[in-house]
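1. This is the structure alone, sequence omitted:
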């Protein structure tokens, strides 16, 4: 685990651990993440301009996108009226009335969104120190962790396992197992989700990794989505009945290793809650802000 504070103490810069230096570093990091958040939907969506807000609408079928603060906007902050205009357009398109942003970057947006009646949920925004790996204890000997390619017959299952995990949130051992996994895998194959992700893998937009049991069943899966020198870890989840084996750590480490090999400097994620954030903290991630979702 990399200790940023210890590293800074050995820096040649004068007073490197001063609050001003730390604040400037965090501000630069959050700006980098803002540019990533604006770039990543554009591979599969178009952006509509609503002044201080941009609405991303997916081109074709697939998981719907969201509205978020307009990159580089220097005018007045978004009002409840701006939010209502975006929500009306989302209803017109038949997509979820969803907004995503970083609290520290756009602090005034929460009040505007809540004024329209939407509930806002916060998630720890965590970053792995530049160039650091994500060390993880070795998974059980009978478990194999590997990347999953676009033509891998296990791709749909590697994606499905995360959906089942989020259906039973938390870190405790749950009930969903191989039967539920088989059913959900068939669903993702039928509705085109697996093929859409396969195309993203071929285009270099998504990387999938998974942990497989001795019978070849996916027990944990996750993805990262690189854009230049930044990537976000997303959809990391363990089959509820297979939790508490370090599989999430192992898949995270595989994704980070791949990201570093691609030249990625900044690896980040949004943790589901504080308990999950503590788990990621053990492998080198640190909280730098709060990701807000309405």
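-> Good, I have the coordinates. Remember, it's a predicted structure, so these values are computed and weren't measured experimentally. Numbering: from 1, shown residues only.
2. ok, the residue nearest the centre of the chain to residue 32 distance?
-> A centroid search over the chain (Cα atoms, centre = their mean) returns residue 234, at 3.4 Å, as the residue closest to the centre. For residue 234, the distance to residue 32 (Cβ to Cβ, to the nearest Å) stands at 17 Å. C-beta: built from backbone N, CA, C; applies to glycine.
3. With residue 158 instead?
-> 29 Å.
4. more crowded one of these two?
-> residue 158 (29 against 17; other Cβ atoms under 10 Å).
5. Name the SS class of the more buried one, please.
-> Three-state call for residue 158 (DSSP: H, G, I helix; E, B strand; the rest coil): helix.
6. give me the element the residue nearest to the centre of the chain is part of.
-> strand 230-238 (DSSP states H and E).
7. What angle do strand 230-238 and the helix or strand that comes right after that strand make with each other?
-> Proceeding N to C from strand 230-238, the next assigned helix or strand is helix 247-261, under DSSP H and E. Helix 247-261 runs at 160 degrees relative to strand 230-238, counting by axes from the mean of the first three to the mean of the last three Cα atoms, to 10 degrees.
8. Give the pairing partners of the following helix or strand past helix 247-261; include direction for each.
-> Tracing the chain past helix 247-261, the next element assigned as helix or strand by DSSP H and E is strand 266-270. Strand 266-270 pairs in its sheet with strand 121-128 (antiparallel), strand 230-238 (parallel), by DSSP bridges.
9. could those go into JSON lines alongside distance to residue 254 and mean pLDDT?
-> Output for those, formatted as JSON lines (distance: least, Cβ to Cβ, whole Å; pLDDT from 0 to 100):
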{"stretch": "strand 121-128", "distance to residue 254": "14", "mean pLDDT": "96"}
{"stretch": "strand 230-238", "distance to residue 254": "10", "mean pLDDT": "95"}
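10. What is the burial count for residue 189?
-> 16.
11. does it sit in a helix, a strand or a coil?
-> helix.
12. What ranges in the stretch 101-250 of the chain fall below the confidence cut-off?
-> Within the stretch 101-250 of the chain, the stretches with pLDDT under 70 are 131-132, 135-136.
13. Start from the N-terminal end of it and give the strands.
-> With strands called from DSSP state E, counting those that start in this stretch, the stretch 101-250 of the chain shows them at 121-128, 144-148, 207-212, 218-227, 230-238.
14. ok so, going back, mind listing what's buried in the strand holding residue 234?
-> 230-233, 235-238 (16 or more other Cβ atoms under 10 Å).
15. Just the angle for it relative to strand 207-212, thanks.
-> 20 degrees.
16. For strand 230-238, give me every contacting residue.
-> The contact list for strand 230-238 (Cβ atoms under 8 Å, 6 or more residues apart in numbering) reads 32-33, 35-36, 40, 159, 161-166, 211, 219-225, 245, 247-248, 251-252, 255-256, 259, 262, 264-270.
17. Just the buried subset of those, please.
-> Buried, going by 16+ other Cβ under 10 Å: 32-33, 36, 40, 159, 161-165, 211, 219-225, 245, 247-248, 251-252, 255-256, 259, 264, 266-270, out of those.
18. returning to what we had before: could you dump the strands paired with strand 266-270 into TSV with distance to residue 107 added?
-> Formatted as TSV, these follow (distance: least, Cβ to Cβ, whole Å):
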stretch	distance to residue 107
strand 121-128	12
strand 230-238	22
